[in-house]
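Undergrad: turn this into a structure:
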Amino acid sequence: MPRFDFAIEPAWRAPLRLLGVTPERASVLVENGTLTVRFGHWLLRTPVSNIADATLTGPYSMWKVIGPHLSLADRGVTFGTNPRRGVCVRFHTPVPALLPGGLLPHPGATLTVSDPEGLMEALRVHQAHDGPQET
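TA: Take a look at the predicted model:
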């Protein structure tokens, strides 16, 4: 089961902990054809077949990436723990994450994991195995 931990910037450990984001409660799993992102109290789950593409991104502005963020430009969600690098995942069908009850689904998610290349490879392997989503 590929698990990817978030790369938590040491200076931001205490503020993120106040949001419930700790190493134990912040990770990305790619297993059984599903992408699961746990970020403290927030959860994003979608079939890997719903992933349109994924790209390496960064660096980011610190104030735009630390913590859970909603992009007002495109409704994308960021689960950020450092300003260096991450993976931007775009979805065929937007998925809920920030608000309860499936409100305000997101067309993409930026994830600042400690091994962005490994996450990209895990997504590629699972997409090749599961095949693309029918549109």
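Undergrad: list the buried ones in stretch 106-123?
TA: By neighbour count with 16 or more other Cβ atoms under 10 Å, stretch 106-123 contains the buried residues 106-116, 118-120, 122-123. For glycine as for every other residue, the C-beta is placed from the backbone atoms N, C-alpha and C.
Undergrad: for the residue nearest the centre of the chain, give me its contacts.
TA: Per Cα atoms, centre = their mean, the C-alpha nearest to the average position across the chain is that of L111, at 3.6 Å. The contact partners of L111, by Cβ atoms under 8 Å, 6 or more residues apart in numbering, come to F4, F6, V28, V37, F79, G86, V87, C88, V89, L119.
Undergrad: now a PyMOL select for only the buried ones of these.
TA: A single PyMOL command selects the buried members of these (16+ other Cβ under 10 Å):
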select buried, resi 4+6+28+37+79+86+87+88+89+119
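Undergrad: in helices, which of the contacts of L111 fall?
TA: Mapping these onto helices (DSSP state H) picks out L119.
Undergrad: hmm, who's touching the longest strand along the chain?
TA: In the chain, assigned by DSSP state E, the strand with the most residues is strand 86-95. Contacts to strand 86-95, defined as Cβ under 8 Å, 6+ apart, come from residues 35, 44-46, 50-58, 60, 65, 75-76, 80, 105-113, 116, 119-120, 123, 133, 135.
Undergrad: which stretches of the chain form strands?
TA: Counting by DSSP E, the chain has strands at residues 3-5, 26-31, 34-39, 42-47, 51-57, 67-70, 77-80, 86-95, 106-111.
Undergrad: partner strands of the first one and their direction?
TA: This points to strand 3-5. Sheet pairing of strand 3-5 (DSSP bridges) gives strand 26-31 (antiparallel).
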